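S.K.: Sequence first, then the predicted structure, then my questions.
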Amino acid sequence: MADDPTDPSHREYLENVDPDELVHDDELRLTPQQHERLKDGLHGRRFKTLKRSDRRYLVVGRGGEDGPGERRLEVCERLDDRPGATAFRLEDFGFTGEDIDLWVPAFDILSEMATHIVGILEDFDGGHVWELGFLYHYQTTIRDILWLLKRVYDSEDAMRDHYDNGMAASHLAALEEAAGERVIDWEASADLADAVAEIP
């Protein structure tokens, strides 16, 4: 029987990585320096806290210092305040835009460790569109832990303006179908706390 590429045991990034090994075009190959940077980024104080927590929320969505980035941070803080829980974002582990090659393996590892993956969606403008694509690709392994907090707007035109990306829209539609009742709509910033409260 052929190996299942979605099986986590076949996506090895931290141990036994041979950077000279020939791989298929759609697989990841780390240089020795990237391998060290990935290990250094993941195996710190934050990672230890993550392993000790009963509930582990990986929070994905728009980053930055603007409104969407602030709201994503607010969701992360609300989930992190729960007893026995920790909430985290990829950037909490020190990965920056300069480490873009490490985001795929780091995201893969952290999504495998999460008990909940929480996506905050306000639009399709930003790197979280890539995260949507990743979650879509592996939706069979994460569908039971995925929660989507999707912002809705008061008109069809506004919805189109914010979600006008055919590829991302098809990924989102598949993820929404997989998540089912775990898709929670919200409209204004004031609604976000109530939406977060619905996540166990």
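M.R.: All right, it came through fine.
S.K.: which helices and strands does the helix or strand where M167 lies pack with?
M.R.: Per DSSP states H and E: M167 is located in helix 166-179. Packing contacts for helix 166-179, counted by 3 or more CB pairs under 8 Å, 6 or more residues apart in numbering; DSSP states H and E, involve helix 128-137, helix 139-142, strand 146-151. For glycine as for every other residue, the C-beta is placed from the backbone atoms N, C-alpha and C.
S.K.: Could I get the average pLDDT for it?
M.R.: Mean pLDDT, taken over the full extent of helix 166-179, equals 78.
S.K.: and the angle from it to strand 146-151?
M.R.: If you take axes from the mean of the first three to the mean of the last three CA atoms, to 10 degrees, helix 166-179 sits at 120 degrees to strand 146-151.
S.K.: In PDB, please show the C-alpha coordinates belonging to helix 166-179.
M.R.: What follows is helix 166-179, C-alpha atoms only, in PDB (Å, rounded to 0.1, in the frame of the first residue of the first chain):
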ATOM      1  CA  GLY A 166     -12.100  32.700  -6.800                       C
ATOM      2  CA  MET A 167      -9.500  30.200  -5.600                       C
ATOM      3  CA  ALA A 168      -9.800  31.200  -1.900                       C
ATOM      4  CA  ALA A 169     -13.600  31.300  -2.200                       C
ATOM      5  CA  SER A 170     -13.600  27.700  -3.400                       C
ATOM      6  CA  HIS A 171     -11.300  26.600  -0.600                       C
ATOM      7  CA  LEU A 172     -13.400  28.500   2.000                       C
ATOM      8  CA  ALA A 173     -16.600  26.800   0.600                       C
ATOM      9  CA  ALA A 174     -15.100  23.400   1.100                       C
ATOM     10  CA  LEU A 175     -13.900  24.300   4.600                       C
ATOM     11  CA  GLU A 176     -17.300  25.600   5.500                       C
ATOM     12  CA  GLU A 177     -18.900  22.400   4.400                       C
ATOM     13  CA  ALA A 178     -16.400  20.400   6.300                       C
ATOM     14  CA  ALA A 179     -16.800  22.500   9.500                       C
END
